[in-house]
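Novice: okay, sequence plus prediction incoming.
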Amino acid sequence: MITGEWLNPPPAADHDGSALLVTAAKGSDFWRTTSYGYNRDSGHALLSPLGPEAAVEVTFVADYDHQFDQAGLLVRLDETTWIKAGAEYCDGELQLGAVVTHGVSDWSSAPVPWTGREVTLRASRSGDAVTVRARAGDDPWHLIRLAPFPVDVPATAGPYCCAPERDGLTVRFTRASIGAPDETVHA
């Protein structure tokens, strides 16, 4: 069963066997300043402690069909220092991306042919960095991002979802776990 403490509890969160079904509120998002000019810290995240040498993995599936529908994992120090990575519907197609925030947010994304597939994101925290990988189903892992993150500070991590533009996005989280960090950045 997927557990943790809610940051911004969603309108609905129900267990279906071992899966967690989360419905996001319209207007929910995580973003700070860059280009859009606003700060949002209203996304829904189920967070657990993440030590300085640990990894978090989140597996999910969703029917994305509105601009900026998104789900994935969040690694968070506070409202100005965090990383979110996941699948997001943007400009008419599913994108895989990451937002790294240190005071202000940056965003990288690229289209993926993963519509309707179960997606797994992995964030491995080690030393002064977080390494983010993703895959669909049992496909090989793809390196998504290597980002700086403060050393030896308490953080939290877990599944997140947001629906900035609409009501009704429901995400099926099938697994979330915290374990040992990856041994290397490259295979």
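Specialist: The structure has been received and is ready for your questions. What you see is a predicted model; the values in this text were computed from it and never measured. Residues are numbered from 1 along each chain as shown.

Novice: count residues in the vicinity of P113, would you?
Specialist: Look at P113: counted by other CB atoms under 10 Å, it has 9 neighbours. (C-beta placed from N, C-alpha, C; glycine too.)

Novice: in three-state terms, how would it be classified?
Specialist: Assigned by DSSP: H, G, I helix; E, B strand; the rest coil, the conformation of P113 is coil.

Novice: mind telling me what element the closest residue to it other than its chain neighbours is part of?
Specialist: Excluding the flanking residues, the one nearest P113 by CB to CB, 6 or more residues apart in numbering is L94, at 7.8 Å. Here L94, judged by DSSP states H and E, is contained in strand 93-102.

Novice: from the chain's centre, how far out does that strand sit?
Specialist: 9 Å (CA atoms, centre = their mean, to the nearest Å).

Novice: one step back: give the contact list for the residue nearest to P113.
Specialist: 64, 87-88, 111-115 (CB atoms under 8 Å, 6 or more residues apart in numbering).

Novice: now C90
Specialist: Listed by CB under 8 Å, 6+ apart, the contact set of C90 reads 67-68, 109.

Novice: same deal with D29?
Specialist: If a contact means CB under 8 Å, 6+ apart, then D29 has 40, 42-43, 68, 162, 164 as its contacts.

Novice: tell me how far it lies from W114.
Specialist: 21 Å (CB to CB, to the nearest Å).

Novice: the most centrally placed residue in the chain: which element?
Specialist: Nearest to the mean C-alpha position of the chain, counting by CA atoms, centre = their mean, stands L73 at 2.3 Å. Using DSSP H and E, L73 falls within strand 70-78.

Novice: where's that strand relative to the chain centroid, distance-wise?
Specialist: 4 Å.

Novice: for that strand, which positions count as buried?
Specialist: 70-77 (16 or more other CB atoms under 10 Å).

Novice: okay if I get those as a markdown table plus pLDDT and distance to D152?
Specialist: Output for the buried residues of strand 70-78, formatted as a markdown table (pLDDT from 0 to 100; distance: CB to CB, whole Å):
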| residue | pLDDT | distance to D152 |
| --- | --- | --- |
| Q70 | 98 | 30 |
| A71 | 98 | 29 |
| G72 | 98 | 25 |
| L73 | 98 | 21 |
| L74 | 98 | 20 |
| V75 | 98 | 15 |
| R76 | 98 | 16 |
| L77 | 98 | 11 |
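
Novice: give me the below-cutoff pLDDT ranges for this protein.
Specialist: Regions of the chain meeting the criterion pLDDT under 70 are absent.

Novice: pull up the pairing partners for the strand holding L94, direction included.
Specialist: Strand pairing for strand 93-102, using DSSP bridges, gives strand 81-90 (antiparallel), strand 104-111 (antiparallel).

Novice: export the first one to CSV, keeping only CA atoms.
Specialist: Same thing as strand 81-90. Taking Å, rounded to 0.1, in the frame of the first residue of the first chain, the C-alpha atoms of strand 81-90 are listed here in CSV:
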residue,chain,number,x,y,z
THR,A,81,13.8,23.8,-3.4
TRP,A,82,12.3,20.7,-5.1
ILE,A,83,12.4,18.5,-8.2
LYS,A,84,9.4,17.1,-9.9
ALA,A,85,9.7,14.5,-12.8
GLY,A,86,7.0,12.8,-14.7
ALA,A,87,4.7,12.5,-17.6
GLU,A,88,2.8,15.6,-18.7
TYR,A,89,0.3,16.4,-21.5
CYS,A,90,1.6,19.5,-23.2
